[in-house]
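Asks: With the input below, show me the fold.
(one chain, ligands or ions: 1)
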Amino acid sequence: MTDFSKNEIIDLLKDDSQNDWLFSLADKVRKENVGEEVHLRGLIEFSNICKCMCKYCGLRCENSYAERYRISPSSIISTAQKACNAGYKTIVLQSGEDKFFSQKIMSEIISEIKKFDTAVTLSIGERSFDDYKAFKDSGADRYLIRIETTDKDLYKKMHPNMSFENRVRCLKDLRTLGYEVGTGCLVGLPEQTIESLASDILFFKEINADMVGIGPFIAHPQTPLKNCKNGDFTLALKVMALTRIMLKNINIPATTAMETLNPDGRLIALQCGANVVMPNVTDLNYCEKYDIYPNKAHLDYDISHSRKVIEDKLKTIGRTIAKDYGFRK
Ligand code: SAM
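Replies: Below you'll find the model as predicted:
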C-alpha cells in the first residue's frame with residue numbers, strides 16, 4: 001500500500017503514533033525508486049534584492065534592515081566554475097525577484113555555465129513565458145518555484161500583490177517548455193491547516209512535480225510574522241515522507257530549513273525519503289546576507305572542503321555522492 005487518499009494523509013499527519021512506520025516506508029520507497037546515491041546541487045544565492053513582499057521572508061522589499069547585494073554575472077560564472085571543478089554536476093542559481101537580471105543577462109549567465117558540463121537549475125521566481133523560454137533555450141534544465149501553500153486564502157494573505165493563479169501559470173509554462181519542474185511548500189505558516197498540507201501533497205502529485213522541496217517555516221525578526229512560532233520539524237518531515245511515498249521516483253532535497261531547526265536535520269531527512277542535498281557554494285561574504293530566515297545552516301568551508309565534509313557525513317548513514325547529473329529517474 002503506497003498510495004494514500006486525502007483522508008488517510010490527514011490521519012497520518014495528525015497521528016504521531018505511526019511516525020516510525022511512515023518514515024521507514026518512505027525510506028524504503030526512496031531506496032527502491034531512486035537508490036542509495038545522494039545528488040549534490042551547488043547552490044549560488046546570487047542576489048538578495050527582491051521586489052516581493054512575502055510576509056515570511058527576510059528578503060521582502062520592505063525589510064530595510066537587510067543588507068542588499070547583487071553578485072556580478074562574471075563572479076556568478078566563476079563561482080559556478082569552481083563548484084563544477086570540485087565535482088558538482090548541478091548548479092542552482094537562486095535569487096530574490098531582482099529586475100537587474102533581465103532575460104538577456106540571465107541567458108548569458110546560463111549559457112556560460114553550461115560550458116562547464118553541468119545541469120543548471122533556476123530558482124528566480126515568477127517570470128514571463130518568454131523569459132522562461134529564453135532561459136530554456138540557453139540551456140537551463142530545471143526550475144524550482146514552490147507553490148508555498150495551496151490554501152488560496154492563506155496564499156493571498158502571505159503574498160501581497162501576488163496571485164496563486166500566476167504561481168500555477170508559472171508551473172504550467174515551465175512544464176510546457178520541457179523543464180524538470182520543482183515545487184514545494186512551507187510547513188507551519190500561521191493559520192495553515194493539516195487539511196491544506198494534505199492538499200499540498202496531492203497538488204504535487206497532480207502536477208507530476210519532478211522535484212519537491214519541503215521546508216518548515218522559520219520566523220524572521222524583521223517580517224510581519226516575527227512573533228509567530230516556527231514550523232514543526234517532525235511535521236515537515238512527515239509531509240516530506242508522504243510526498244516520497246506518493247510520488248515515488250522524484251528528487252527530494254533534505255532542506256536547509258530542516259537543518260536550521262535540527263542540527264542533524266538533513267541526515268534525518270535523507271533517512272525519511274530525501275535523496276538530494278543543496279550545499280551552499282556562494283562566497284561566504286554573501287551567504288549570511290541571504291537572510292531569508294535566521295540562523296540559516298551553512299558550512300564555513302571553501303567549496304572543495306565542504307564537499308568532503310558532506311561526503312564523510314553521508315558515509316555515516318551508508319550513502320554515497322552520485323556522479324551523474326541527477327535528473328528524475
Ligand atoms: N524568489 C524565488 C521564489 O520566489 O521562488 C526564490 C527565492 S525564495 C527566498 C526561496 C524559498 O525560500 C521560498 O520558496 C520560500 O519557501 C523559502 N523561505 C522564505 N522565507 C522563509 C522562512 N521564513 N522560513 C522558511 N522558508 C522560507
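
Asks: Sketch out the low-pLDDT regions of the protein for me.
Replies: Low-confidence segments of the chain (pLDDT under 70): 1-2.

Asks: can you list the residues of it near the ligand?
Replies: 56-57, 59, 94, 96-97, 123-125, 145-146, 148, 186, 215, 217-218, 220, 257, 292-293 (CB under 6 Å from any ligand atom). For glycine as for every other residue, the C-beta is placed from the backbone atoms N, C-alpha and C.

Asks: hmm, 8 Å instead?
Replies: When proximity is defined as CB under 8 Å from any ligand atom, the chain approaches the ligand at 50, 52, 54, 56-59, 94-97, 123-126, 144-146, 148, 184-186, 213, 215-220, 223, 225, 231, 257, 290, 292-293.

Asks: Now the buried members of the residues you listed.
Replies: Applying a neighbour-count criterion of 16 or more other CB atoms under 10 Å, the buried members of the residues of the chain next to the ligand are 50, 52, 54, 56-59, 94-97, 123-126, 144-146, 148, 184-186, 213, 215-220, 223, 225, 231, 257, 290, 292-293.

Asks: Which members of those occur in helices, if any?
Replies: Ala257 (DSSP state H).

Asks: Quick check: strands, which of the buried ones among the residues of the chain next to the ligand are part of them?
Replies: Gln94, Ser95, Ser123, Leu144, Gly184, Cys185, Leu186, Gly213, Gly215, Pro216 (DSSP state E).

Asks: Pull the contacting residues for the most centrally placed residue in the chain.
Replies: The centroid of the chain falls nearest to Gly213 when counting by CA atoms, centre = their mean (4.4 Å). Contacts for Gly213 (CB atoms under 8 Å, 6 or more residues apart in numbering) come out as Leu144, Arg146, Gly182, Thr183, Gly184, Ile252, Pro253, Thr255.

Asks: Stretch 26-43: end-to-end distance?
Replies: Stretch 26-43 has an end-to-end distance of 26 Å (CA to CA, to the nearest Å).

Asks: Repeat that for stretch 253-264.
Replies: 14 Å.

Asks: Need the nearest residue in space to Asp130, chain neighbours excluded.
Replies: Gln103 (7.1 Å; CB to CB, 6 or more residues apart in numbering).

Asks: roughly how far apart are the one you found and Leu122?
Replies: Gln103 sits 12 Å away from Leu122, going by CB to CB, to the nearest Å.

Asks: So these two - more neighbours on which side?
Replies: Higher neighbour count among Gln103 and Leu122: Leu122, with 27 against 16, using other CB atoms under 10 Å.

Asks: Nothing else from me, thank you.
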